[in-house]
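> Quick one, what's the 3D model for this:
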Amino acid sequence: MGSGLRVLQENHVVNGCCWLNHSGRNTRDFIEIVRKNPCIKAWFSGHFHLGQDYQDSITFPEGNNRGSCVFAQTAVMGKKSTRDKRQQSRLVRGTKTGFTISTIDHLDGGKERLDATVTYTDSSHESVVYAHPSEDYDHEAFFSAYTPQENDGCYLACDDNLNVDTCKDDTVCWWHMSCGRVLGVHNGMVLEYDPSTLAPLGLVVGKDELQGRQLAVVDSGIDGGVEKLANREQAVILYDDELNVTVVQPNEDGSYWRKIVRNKVVRMKEKRREKAALEFVKNNLGVKDPTKIQLQSTWGPMISTSGTAKNTGVPGVTVAAGSSSGKESKSEE
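Numbering: from 1, shown residues only. A predicted model of the protein is given here:
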């Protein structure tokens with residue numbers, strides 16, 4: 001927590017198990033503790049299952065945003081756990097004036113690479129941090145997300161309805177929604193950022209859906225009265241000249257990033273239920289070849305405000321593409 005990593009692989013943009021998407025009260029409380037306690041100089045965290053050969057695997061202090069703390073992402077040593085075939089760990093060495101952080105490469109005989117040097121002028125002053133660049137960094141293998149800054153000139157005021165020309169490939173901008181959420185456009189995508197650290201949380205709209213379209217943020221009908229600008233309800237809309245319009249709906253908790261991959265514990269429960277279904281069919285229908293069983297799980301969106309789910313299938317996932325529930329229905333059309 002708190003690393004503010006702005007380098008994400010495509011699977012991490014949509015993976016709800018990644019720290020970058022764990023933006024809640026605990027995260028904010030943790031950041032505040034780090035900011036208020038400059039004695040916290042380094043924080044190491046793992047569970048990314050990724051190597052350390054990219055630019056932002058170490059995040060350095062930036063003013064009061066992260067106090068005096070260096071955040072270091074720690075990779076994995078084992079072959080079974082790595083997602084990018086790298087097997088690495090961190091090494092910390094104390095010195096007379098501070099400490100150093102290195103990478104140990106377990107695929108190269110334990111070779112050591114110096115990543116950062118941290119020194120202190122005295123006990124009451126900020127540390128001096130030196131980052132050591134490395135030719136090992138494979139930037140092309142990672143998806144780099146723009147990180148907003150307070151005075152970067154890319155901020156758009158959203159006091160009135162906002163319109164962004166996203167047709168341009170080099171469009172870079174960010175804004176606050178009236179609810180406090182932070183969205184932005186970069187590299188042909190819409191991303192959501194943490195309001196506190198401005199670290200990217202996840203993907204909102206992908207390149208394929210945003211290409212050739214414009215984005216607008218408009219009032220959606222709720223007038224907050226005197227405090228209208230702070231309390232008004234807004235809608236995020238994608239549109240083009242051919243009148244194709246998409247409303248980007250937020251999640252139930254108000255966030256916008258796409259929580260496509262569900263929690264690991266939830267998925268484990270789903271897998272157990274699926275296994276039980278397979279066993280039931282094999283035992284009761286006398287199936288000798290289990291590979292012939294076509295198993296699907298039904299989960300899908302509520303498409304009615306009445307509280308009744310008219311469709312439980314997801315087109316292209318649990319039902320055929322272009323179908324609402326596996327069968328075309330004139331009444332539902």
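
> Pick out the residue closest to the middle of this protein.
What sits nearest the mean C-alpha location of the chain, by Cα atoms, centre = their mean, is G202, with 2.7 Å.

> separation between it and M268?
In this view, G202 and M268 are 22 Å apart by Cβ to Cβ, to the nearest Å. No exception for glycine: its C-beta is placed from N, CA and C like everyone else's.

> Same check on K80?
Using Cβ to Cβ, K80 is found at 18 Å from M268.

> Just want to know which of these two has more residues nearby.
With neighbours defined as other Cβ atoms under 10 Å, K80 and M268 compare such that M268 has more, 9 against 6.

> That one belongs to a helix, doesn't it?
Yes. Under DSSP: H, G, I helix; E, B strand; the rest coil, M268 sits within a helix.

> Tell me how many other residues crowd Q87.
Using other Cβ under 10 Å, Q87 is surrounded by 18 other residues.

> What residue, apart from its backbone neighbours, is nearest D219 spatially?
For D219, ignoring the flanking residues on the chain, the nearest one in space by Cβ to Cβ, 6 or more residues apart in numbering is R232 at 5.5 Å.

> What of I237?
A216 (4.7 Å).

> How about K85?
Nearest to K85 is G51, by Cβ to Cβ, 6+ apart, at 7.9 Å.

> go on, T121?
If the residues on either side of it in the chain are set aside, T121 comes closest to V128, at 6.8 Å by Cβ to Cβ, 6+ apart.

> and that neighbour, which of the three is it?
Of the three states, V128 takes strand under three-state DSSP.

> Any figure for the gap between it and K36?
21 Å.

> any weak-confidence spans in the chain?
1-26, 55, 62-65, 123-126, 138-145, 159-160, 169, 222-231, 259-263, 298-333 (pLDDT under 70).

> Walk me through the domains of it.
Following automatic domain parsing, one finds the domains of the chain at 7-144, 162-248.

> out of those domains, nearest to D289?
Taking Cβ to Cβ, domain 7-144 is the member of the domains of the chain nearest to D289, at 30.2 Å.

> How far away from the center of its chain is that closest one?
17 Å (Cα atoms, centre = their mean, to the nearest Å).

> List the buried residues of the strand or helix carrying K271.
In this assignment (DSSP states H and E), K271 forms part of helix 264-285. Of all the residues in helix 264-285, not one is buried under the rule 16 or more other Cβ atoms under 10 Å.

> Sheet-wise, list the partners of the one helix or strand L191 maps to with their directions.
Element membership of L191 [criterion: DSSP H and E] is strand 189-193. The pairing partners recorded for strand 189-193 under DSSP bridges are strand 182-186 (antiparallel), strand 200-205 (antiparallel).

> if we can go back for a sec, can you pull up the bridge partners for the residue nearest to T121?
Counting by DSSP bridges, V128 forms beta bridges with T119.

> Repeat that for M189.
Beta-bridge partners recorded for M189 (DSSP bridges): H186.

> Next: the one 4 residues further on.
For Y193, the beta-bridge assignment (DSSP bridges) gives partners V182, P200.

> Now for it: which residues touch it?
Y193 makes contact with 147-148, 174, 182-184, 199-201, according to Cβ atoms under 8 Å, 6 or more residues apart in numbering.

> Tell me which of the strands paired with strand 189-193 is the most buried.
Most buried of these, by mean neighbour count (mean count of other Cβ atoms under 10 Å): strand 200-205, with a mean of 24.

> quick one: buried residues of the helix or strand following it?
Sequence order places helix 207-210 as the next helix or strand after strand 200-205, per DSSP H and E. Neighbour counts over helix 207-210 (16+ other Cβ under 10 Å) mark L210 as buried.
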